[in-house]
Structure formats: C-alpha cells, structure tokens
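Engineer: I would like to see how this sequence folds:
(2 chains)
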Protein chains: 2
Amino acid sequence: MALLSVLTPVFVAVLCVMIALIFINSRKTDTVPRPETKGGSKVESRPWVDQDLQDDTEITPRDEDDDWADSTEEEDLAHVPYSPPRYPVERMLERSQDFYSVMNQRRSVRFISSEPVPRDVIDNIIRTAGTAPSGAHTEPWTFVVVSDPETKHQIRLIVEEEEEVNYRQRMGDKWVNDLARLRTNWIKEYLDVAPYLLLIFKQTYGILPNGKKKTHYYNEISVSISCGILLAALQNVGLVTVTSTPLNCGPQLRLLLKRPANEKLLMLLPVGYPASDATVPDLKRKPLDDIIVRV
Amino acid sequence: MALLSVLTPVFVAVLCVMIALIFINSRKTDTVPRPETKGGSKVESRPWVDQDLQDDTEITPRDEDDDWADSTEEEDLAHVPYSPPRYPVERMLERSQDFYSVMNQRRSVRFISSEPVPRDVIDNIIRTAGTAPSGAHTEPWTFVVVSDPETKHQIRLIVEEEEEVNYRQRMGDKWVNDLARLRTNWIKEYLDVAPYLLLIFKQTYGILPNGKKKTHYYNEISVSISCGILLAALQNVGLVTVTSTPLNCGPQLRLLLKRPANEKLLMLLPVGYPASDATVPDLKRKPLDDIIVRV
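Structural biologist: Next up, the predicted model:
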C-alpha cells in the first residue's frame, strides 16, 4: 500500500499523457472521412458495396507519369513511322461537319425495340471501343454483351431493386413528389426488351507475370473514354442506348456475370433500334460559346 | 497522501480504460486512408494540390439516380418523338466496319506539326464533344482552346516542371534507368509546337439560381465520355493528339487560364497534323476475344 501511494504521482502523470494521446488520436480521426459515409446510408448492412466502390476514389500518385503515351512499356518498343490519311482543308471541314451532324442526333433513349440486331455490328462496335487510349496502354476494359433473356431479366431485377431503394429514399427527401411519377423511373422494362445489354467493366488492376497486382491508374477515365467512342460507334449505325452507371448494383451484377474481383462495373447500356413510338425529353444542348473558351 | 493511496486502485482502473480507448482510436485511424497520401509526397508543401484533386474522389451518393436520362429536370420537360436515321443491315455492317477502320488508325502521337489547322474544324470538333451524354444533362465541361504562343509556352513550363519532379522521383525508385532516356520523357516540345492545346475542364459543381452549389455527380465520367467523342472527331478529320491527364498541374493551369474554382483540369490534348517524320511505338491492341464476353 505504501509503495502504491508512493507511485500515485506516477499514475497521475501517466494519466495526463494518456489523455493527451487520446486527444491527438481522436483529432486525427476527425479530419479523415469515414469510409462508411462514402457508400451511403445502406453501406453498414452491405459492406461489400463500399468495398466494391472504393476503386472510384483512387487518385493518381505523384510518381505516376501523366502522359499516357510515355509509359515505360512503350519506351521499350521499337518506333514505326506513322502517317494517317491527310485530307485537304475543304474535306476536313466537310468531315468535321458531317460527324457533328450524326453525333448531334444522339439522344438517350429508353424506348428500345426488341428487333434483333446483327451480332457482327455489335462486334465491330466493341472493336471500335477497344481502340481508345488507356494509361500505359493497359486497355483496362471488359465488354460483357448479354443477349440471353434469362440473364437480362436477372439484371433487370437487380437494377430495379436498387433503383426502387434510391427512389424511396429520394421520396423521403422530396415528399412532394407523387409516387406515380417516380414509379416510371425505377421500372426499367428496356432491360428485358433490348436485344443486347452491354455491361462495361473497368479493370482496376492487372496481374503481373510474378503474380503481383499491377494497379491500372486512370482506369476509370480510360474506360469512360472508351465508352464515349462506343456511343459514337452506336450512333454511327443508327442504334440507340441510355447511358447508366449503376454503381450500387455493380457488385451483384459482377457476381451474376461471374466477373473477377479486379473488374468493377462502370456502365450498363441497353442497345437496340429505337421503338417506333420512341420519344425523348425536349432537351437543348449548350451552344458552342457556352462550352468553349479561346485563349 | 492517505486519500491518494485509497484512490490508487481507481487510477489503475482509469489507466486501463485509457489504454483501451487509445487502442480503439489508433485502429480507427489506421483503417482510414490519410488525405495526405492522396496528393502524394509533395502535398504538405502545396496543400492546394490535394484540395484541387479531391473532386476525383467523389462517390455517387446512394440516393442519386443511376440512370442519367431519368433526371427530374428531364421529367419536367415535354417528350417529343425520336426517329433517327435507320440503315438496312448491309449498310449498318458497312458503316460499323468503316468507322472501326478509321478509329483503329488512331494513335497517341507526340510528333506534331506546327502547320496551322482551320479554326472552324476545331470548333466543329468541340461542338461534337458537346453532344456527349452527362449526368442529369448537366453538360459539366469547359473546353479551353489555346493558340496563343505565349500561353502555350507558360503551359509547357508548368507541365515540364511537374513532369521533371515525377521523373526524378521515379528515378529514385528505378535507379537503374539512365537519365538520358528519362530526359526524353519530361521534355514536351509539342506543347510549344502544336497549333492548338485543348485543356478540358470538368465542372465539379454548378451554381443554382438561389446561389447554392449544385453537385455535378458523374462529372468526371461524363467529361471523359465527351473526351472519347472528341478523340473520335479528331481522328475523323486526320488530326492527332496525345492523351494526357496532368492532374498535378491542374491547379496551376487553372489559375493560368483564369478558370473558376469549380473547374478542374481533366485532360490536356495538344492538337495538330502529325509531323512528316512522326513515329509511334509499335504497339498492338488486344484482339476482340480478349475484351468481349458473350452471355
């Protein structure tokens, strides 16, 4: 007991240090966003959602080359002459105008015909998407083309379940909205009707010969660029789609389609001819002067 | 003193609780990525880099609609009939093949001719990029077209300074690389030579009529898709570029070009005709079967 009372001042001192440490630690934690908040309200109940979404938060490390063409992989390759077709100025103007005219007719269409579409056309469109540039030429994309009716229906069920949750949550926020109007939003009949569903996955990392993971920097930007070229290829042949990024259904759809863990769903595109009675919202695009700045 | 000795067991108990708390706190901190690591090693000295990069970490909140065409903005609009051109199957196949052939000739080219390029062609290309879909039709892009030689040179100085840091850091890692080879990487003469530099900014948020910020979800994916269509438009007229995402120089370039704080640089594209002696690394693309999965 005597010994303890002698030690009491020591205990008090240690106590102070402890308090200080706790204070520092808790401050550290406060300045850092909690992962739970990333995936949103339902994450706690399904941690894999957050885990599967984490790749979207990746940042290019400072020691990574910003110039995609400057990858060391490429440096090791021999260089070959490059001379693409050269058009006279009048022809360039004409081609630029024609391409704009075709692309300017593109709209997101949710009324898709069930008419069959030639598989060879879809193959050429995927080939075209595969010509996109990618960080260090990693080509970090997988295009899953679904035509099997049962699989399409499974995809619809997964997407609609997630969407219904989204809309019900939104209703909580915007209680003035009427159910009928929202209902038309989470029902996605075109997922059954469209002859093809294109599910585009980004490969967040690759596997090196030594079996180690190889991070694919810029993989989301690369695959999005590839999707832009894919949308252009669809429009060029008169097919339609509606761009959607069902990130929350990604994990379930990945499992349904048996894709590996390094692949994350970036986009889901139902593809087909427009329905004969297809309509689109009467949207306008910003004029050139609203999107261009000349220096 | 007697009182203290009586209290000693209490101190011991409190001590245990403290240790437990510290353990919990430090674990919390460990499981969460430190913001400092995002921007990389130099961030401490330039906090604005990390701040400017933060938007790349945004995640779509769970209550956000995944279907870009289903935005409430659109629902309030009248719907109009949509009937794009319809091609017979043979023509579709032909068009899909032709478009693939043109796009498959696209390469990242760093040897750009200083020959002038008609401004109208560039305008049409930007117009075409502006036809891309975007989350809730926010059209969150700004295309800065730089032709002023002095500004181009300022951009080159900023980019090369950052790149040199990158390469010197990389040298630290890959000490076997020889300086001469690296040197060719951070010198980017084409930034002075190319008749145009296109700097594409993503608008991470908009300003609502009531002056409040309106988050642009999917803005990075939307602008990347737009860049894909822009790259297709360039290739379509025989112009070349090299895709680069100089995220680290973004803040400095944003200030140089006097862009507002809601705009973050996503891509920098030097644009022009290929130099007569242009070469490209002898790269191959993955065959269709390596990027497509049929279900």
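Engineer: Just give the closest residue to the residue in chain A that chain B sits nearest to, not the sequence neighbours.
Structural biologist: Chain B sits closest to residue A:228 of chain A, with a gap of 2.2 Å, by Cβ to the nearest Cβ. The C-beta positions use only the backbone N, C-alpha and C, and glycine is treated the same way. Once flanking residues are discounted, residue A:228 sits nearest to residue B:228: 2.2 Å by Cβ to Cβ, 6 or more residues apart in numbering or on different chains.
Engineer: Which parts of chain A are strands?
Structural biologist: Secondary structure of chain A (DSSP state E): strands located at A:79-81, A:141-146, A:196-203, A:205-207, A:213-215, A:263-271, A:279-281, A:292-294.
Engineer: Now the fourth one: average pLDDT?
Structural biologist: Averaged across strand A:205-207, the pLDDT comes to 90.
Engineer: What of stretch A:282-290?
Structural biologist: Stretch A:282-290 comes out at a mean pLDDT of 95.
Engineer: Just the endpoints, please. Distance across that stretch?
Structural biologist: 19 Å (Cα to Cα, to the nearest Å).
Engineer: Quick check: the residue nearest to residue A:228 touching residue A:233?
Structural biologist: No: contact criterion Cβ atoms under 8 Å: residue B:228 and residue A:233 do not qualify, at 10.3 Å.
Engineer: Compare those two (neighbour count), which wins?
Structural biologist: Ranked by neighbour count (other Cβ atoms under 10 Å in any protein chain shown), residue B:228 and residue A:233 place residue B:228 first, with 28 against 25.
Engineer: so who does the more buried one touch?
Structural biologist: By Cβ atoms under 8 Å, 6 or more residues apart in numbering or on different chains, the residues touching residue B:228 are A:132, A:224-232, B:132.
Engineer: same deal with residue A:193?
Structural biologist: A:112-114, A:270, A:272.
Engineer: Same list (those residues) but as TSV, adding distance to chain B, neighbour count and pLDDT.
Structural biologist: Converted to TSV, the contacts of residue A:193 look like this (distance: Cβ to the nearest Cβ, whole Å; neighbours: other Cβ atoms under 10 Å in any protein chain shown; pLDDT from 0 to 100):
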residue	distance to chain B	neighbour count	pLDDT
A:112	11	24	96
A:113	10	19	97
A:114	15	12	97
A:270	10	26	98
A:272	12	23	98
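Engineer: In TSV: those, plus distance to residue A:138.
Structural biologist: Listed next are the contacts of residue A:193 as TSV, based on distance: Cβ to Cβ, whole Å:
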residue	distance to residue A:138
A:112	32
A:113	36
A:114	37
A:270	28
A:272	31
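Engineer: Quick one: the helices in the stretch 101-250 of chain A, in order.
Structural biologist: For the stretch 101-250 of chain A, the helices defined by DSSP state H, counting those that start in this stretch cover A:119-129, A:149-173, A:179-186, A:190-193, A:219-236, A:250-256.
Engineer: Comparing the ones you listed, which comes out most buried?
Structural biologist: Of all those, helix A:219-236 carries the top mean neighbour count, a mean of 27, counting by mean count of other Cβ atoms under 10 Å in any protein chain shown.
Engineer: average pLDDT across that helix?
Structural biologist: In this model, helix A:219-236 carries a mean pLDDT of 97.
Engineer: what is the orientation angle of it with helix A:119-129?
Structural biologist: Our comparison of helix A:219-236 with helix A:119-129, counting by axes from the mean of the first three to the mean of the last three Cα atoms, to 10 degrees, yields an angle of 140 degrees.
Engineer: Might you list the low-confidence residue ranges for chain A?
Structural biologist: Scanning chain A for pLDDT under 70 picks out A:1-76, A:170-185.
Engineer: do that again at 90, thanks
Structural biologist: Low-confidence segments of chain A (pLDDT under 90): A:1-78, A:83-84, A:135-137, A:162-187, A:207-209, A:211-212, A:214-217, A:245-248.
Engineer: Now stretch A:281-295: buried residues?
Structural biologist: Applying a neighbour-count criterion of 16 or more other Cβ atoms under 10 Å in any protein chain shown, one finds A:281, A:291-293, A:295 buried in stretch A:281-295.
Engineer: out of these, who's nearest residue A:240?
Structural biologist: residue A:281 (14.2 Å; Cβ to Cβ).
Engineer: gap between that closest one and residue B:80?
Structural biologist: Relative to residue B:80, residue A:281 is positioned 8 Å away (Cβ to Cβ, to the nearest Å).
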